[in-house]
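>>> The following comprises the amino acid sequence and a computationally predicted model.
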Amino acid sequence: MTWKDVLKAHCGTEKMGCTGCPKCDMEKKLVGNQKRIDADKDGEITGKDFAMLRDKTKKSEGMEEKILEEIEKEGGALGMKNLKQFGEEAEIKRVLSEMKKEGKIFMHKDGDIYTHEPKR
């Protein structure tokens, strides 16, 4: 049996697990972490998704610089209330989390943000 015969045999039957061959027009689904790349949530990964992710990254980098400047302005430590001027709280927390992983900032158990390791 040739591959063409196999293709003909299963097209039109969803039970055979076709993954979007031209004959059966089944919709491909995103699997694994592909959902994270689908920025516009339309079920497809396109150039538009990558453009949206690049813009998000640029905004994060700009916010990171603003946060570090604000911490320096405040003498090396500050709280969340000082950062609310830079954007939505969820986005700020996401950027802070990334900065903490990279070792650029440190968090005190009370929630204060430092550019140096806090004394315990």
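Structure received. Residues are numbered from 1 along each chain as shown.
>>> Return the residues in contact with the residue most central in space within the chain.
Nearest to the mean C-alpha position of the chain, by CA atoms, centre = their mean, lies Arg36 at 6.0 Å. By CB atoms under 8 Å, 6 or more residues apart in numbering, the contact list for Arg36 is empty. To be clear about C-beta, it is placed using only N, CA and C from the backbone, and glycine gets the same treatment.
>>> now with 10 Å?
Leu30, Asp49, Leu53 (CB atoms under 10 Å, 6 or more residues apart in numbering).
>>> Which elements pack onto the longest helix along the chain?
For the chain, the longest helix by residue count, based on DSSP state H, is helix 47-73. When contacts are defined as 3 or more CB pairs under 10 Å, 6 or more residues apart in numbering; DSSP states H and E, helix 47-73 packs onto helix 34-37, strand 77-78, helix 89-102, strand 113-114.
>>> Next one: the residue nearest to Lys29 when sequence neighbours are not counted from Lys66, what distance?
Closest residue to Lys29 apart from its sequence neighbours, by CB to CB, 6 or more residues apart in numbering: Gly43 at 7.6 Å. Separation of Gly43 from Lys66 (CB to CB, to the nearest Å): 35 Å.
>>> thinking again about what came up before, hey, which of the helices and strands packed on helix 47-73 is tucked in deepest?
The highest mean neighbour count among the helices and strands packed on helix 47-73, using mean count of other CB atoms under 10 Å, belongs to strand 113-114: a mean of 19.
>>> What's the per-residue pLDDT of the residue nearest to Asn82 when sequence neighbours are not counted here?
Take Asn82 and drop its neighbours on the chain: the residue closest to it by CB to CB, 6+ apart is Glu70, 5.8 Å away. At Glu70, the model reports a pLDDT of 91.
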